[in-house]
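Enquirer: 3D model of this:
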Amino acid sequence: MGNSQGRKKQPIELVDAASDPIHAMSDPDGAADPPTPTPPSPSPVPPPPPVEWPEDGVLTRDWVAAFTATLDWCSRRLPPDQLPSILSADFVRRLLLAAAGILHREPNIVRVDPRPDQAVVVVGDVHGQLHDVMFLLRDAGFPSEERIFVFNGDYVDRGAWGLETLLLLLAWKILLPNRVFLLRGNHESKYCTSVYGFEREVMVKYKSQGGQVYRKFLRCFEDLPLASIIAGCVYTAHGGIFRGAVVLPSKRAKRAKKGHKYIASSAEDSTTLKLGSLDELLKARRTVLDPPWEGSNLIPGDVLWSDPSLEKGLSLNKERGIGLLWGPDITQQFLYTNNLKLIIRSHEGPDARDKRHDLLGMDSGYTTDHQVACGKLITLFSAPDYPQFQASDDRYNNSGAYLVLSPPDFATPDFHSFQAVKPRPPANPYYDFEEVIDSDEELNLGAMDTGNLSS
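Expert: This next block holds a predicted model:
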């Protein structure tokens, strides 16, 4: 299949309960027609009952469909601080524990081995844009025995419904643990969620119980795998590639002062960097609140924060202060060494690409950044009209996109671009979007917590 232009969908009108998700999910193989507006109800829609965790802990498609409808209703008709009347803190805790138990058992690199009758849908950043995620699931065809989903991280922050978005995707993971795979993004961390809104979102919605609920989310973040290999030939990770294992010098470089950007020491210049192996990635310690930007455990930070470049070689990502920049020659080396055909990464939306004149913009939700002898490097971004809250009236108005990998080779992506569900329900931001720069630059690395919750 391979659609080089992608398929672009027109603006989507928001309708109640995601256009009847219970009915739509009864046909998991059918892709969605664009939802059509329905006339306003003559009487107020009654609130749904509080969501209860199944007594046996076993989720069903009907349960997930009803949960989807409830999240949709709450996002449009319930003040955020009343969310616990429908989703109790105990319910959230039980869902997070069930999901974390599954995620914790998965390796750093999950192997996704589709059968000849299956397709794989890959999704990039979604950033708390609940209604766009609900549309994407319906449009792509819900997860099923015939349709596998790989999500490439950044479920929370910036958007107003990060909590609901992640709970929905975790519910799908619990329902279909071998058909839904959730990877970690750089925003699934203590530092990013404290700056870009998710921590405050949880505190506003759960008030006195917010601290406990937030800690449960952090523990779940630690359990998210870092990468996937699809059909033995496609590598996906949020940021991208990574350096080889680091051997620390005898005298450790000084840590950056809090509030200052980390500057790499001369001992860490590009001449000492080498491309890492998949075996090294498998052995890296991922159970950290924030990926380390110094020390010996640098692979998680590279996987989550690195960016491609058109300049040859492997170098430190000095703009971000964490992770790497890598050129087309490194993409070729990584693909060749690991017998791969495609790298799919995310991490850069229209705001980030607006500052990078060497690479294509993110207007369509995807770009091909490197095309080399062994294959391609693709950036995939699935949050349309991003970010939700922008300081300027001149919005990016980007499309989001997902891609489908189909048999027989699973290495020829079919791109599907889509526009945001409009109008979005009224919502307030959970971070100072006018002061916080959008593209994750000028990080206060000294404020990062590179331990874990049990340390």
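Enquirer: where does pLDDT dip in the stretch 51-200 of the chain?
Expert: Per-residue confidence for the stretch 51-200 of the chain (pLDDT under 70) gives no ranges below the cut-off.
Enquirer: what about the helices in it?
Expert: For the stretch 51-200 of the chain, helices defined by DSSP state H, counting those that start in this stretch occupy the ranges 61-77, 89-104, 130-140, 162-175, 190-195, 198-206.
Enquirer: can you say which of these is nearest to Ile330?
Expert: Minimum separation from Ile330 across the helices of the stretch 51-200 of the chain (Cβ to Cβ) falls at helix 190-195, 25.6 Å. Quick note: C-beta positions are derived from backbone N, CA and C, even for glycine.
Enquirer: show me the contact partners of that closest one.
Expert: Defining contact as Cβ atoms under 8 Å, 6 or more residues apart in numbering, one finds that helix 190-195 is touched by 156-157, 186-187, 198-199, 214, 217-218, 289-290, 431, 436, 440, 443-444, 447-449.
Enquirer: could you pick out the buried ones from the residues you listed?
Expert: 156-157, 186-187, 198-199, 214, 217-218, 289-290, 431, 436, 440, 443-444, 448 (16 or more other Cβ atoms under 10 Å).
Enquirer: quick one: contacts for Leu59?
Expert: Here Leu59 is in contact with 171, 174-175 (criterion: Cβ under 8 Å, 6+ apart).
Enquirer: and for Asn317?
Expert: Residues 305-307, 323-325 are the ones in contact with Asn317 under the rule Cβ under 8 Å, 6+ apart.
Enquirer: the strands in the stretch 301-450 of the chain, which residues?
Expert: 307-308, 314-316, 324-326, 342-345, 366-372, 375-380, 400-405, 414-418, 421-422 (DSSP state E, counting those that start in this stretch).
Enquirer: what strands flank the fifth one, and is each parallel or antiparallel?
Expert: Pairing partners of strand 366-372, with direction, according to DSSP bridges: strand 375-380 (antiparallel).
Enquirer: show me how far the strand it pairs with is from its chain's centre.
Expert: 16 Å (Cα atoms, centre = their mean, to the nearest Å).
Enquirer: now render the helices of the stretch 51-200 of the chain as a markdown table, adding distance to Phe242.
Expert: Supplementary listing: those in a markdown table, determined by distance: least, Cβ to Cβ, whole Å:
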| stretch | distance to Phe242 |
| --- | --- |
| helix 61-77 | 34 |
| helix 89-104 | 20 |
| helix 130-140 | 28 |
| helix 162-175 | 24 |
| helix 190-195 | 19 |
| helix 198-206 | 25 |
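Enquirer: what's opposite Leu275 in the beta bridge?
Expert: With DSSP bridges applied, Leu275 shows beta-bridge pairing to Arg243.
Enquirer: who touches it in this structure?
Expert: Counting by Cβ under 8 Å, 6+ apart, the residues that Leu275 touches are 241-244, 314, 330, 333-334, 337.
Enquirer: got a winner among the residues you listed for most neighbours?
Expert: Looking at the contacts of Leu275 with neighbours defined as other Cβ atoms under 10 Å, the largest count falls to Phe242 at 30 neighbours.
Enquirer: what are the buried residues along stretch 66-73?
Expert: Applying a neighbour-count criterion of 16+ other Cβ under 10 Å, the buried positions in stretch 66-73 are 66-73.
Enquirer: ok, so of the contacts of Leu275, who is nearest Lys422?
Expert: For the contacts of Leu275, with Lys422 as the reference and Cβ to Cβ as the criterion, the closest is Ile241, at 36.4 Å.
Enquirer: surely the closest one is within a strand?
Expert: No: for Ile241, which was evaluated using DSSP: H, G, I helix; E, B strand; the rest coil, the result is coil, with no strand membership.
Enquirer: how close does it sit to Ala227?
Expert: For Ile241, the distance to Ala227 under the criterion Cβ to Cβ, to the nearest Å works out to 10 Å.
Enquirer: Ile148 too?
Expert: Looking at Ile148 against Ala227, where the rule is Cβ to Cβ, the gap reads 16 Å.
Enquirer: now swap in Asn397 and tell me
Expert: If you measure Asn397 against Ala227 using Cβ to Cβ, the figure is 31 Å.
Enquirer: which of these two has more neighbours?
Expert: Using other Cβ under 10 Å, the more surrounded residue of Asn397 and Ala227 is Ala227, with 27 against 13.
Enquirer: can you give me every residue that contacts the more buried one?
Expert: By Cβ under 8 Å, 6+ apart, Ala227 lies in contact with 108-110, 183, 235-237, 281, 303.
Enquirer: and if you look at Tyr396?
Expert: Taking Cβ under 8 Å, 6+ apart as the criterion, Tyr396 is in contact with 349-351, 354, 362-363, 385-386, 390.
Enquirer: buried among the residues you listed? Make that a PyMOL selection.
Expert: When burial is assessed using 16+ other Cβ under 10 Å, the buried subset of those is captured in PyMOL by this command:
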select buried, resi 349+350+351+362+385+386+390
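Enquirer: among the contacts of Tyr396, which lie within helices?
Expert: Per DSSP state H, helices hold the following members of these: 350-351, 354.
Enquirer: can I get those in a markdown table including pLDDT and distance to Leu163?
Expert: Rendered in a markdown table, the data for the ones in helices among the contacts of Tyr396 read as follows (pLDDT from 0 to 100; distance: Cβ to Cβ, whole Å):
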| residue | pLDDT | distance to Leu163 |
| --- | --- | --- |
| Pro350 | 96 | 24 |
| Asp351 | 94 | 23 |
| Asp354 | 92 | 28 |
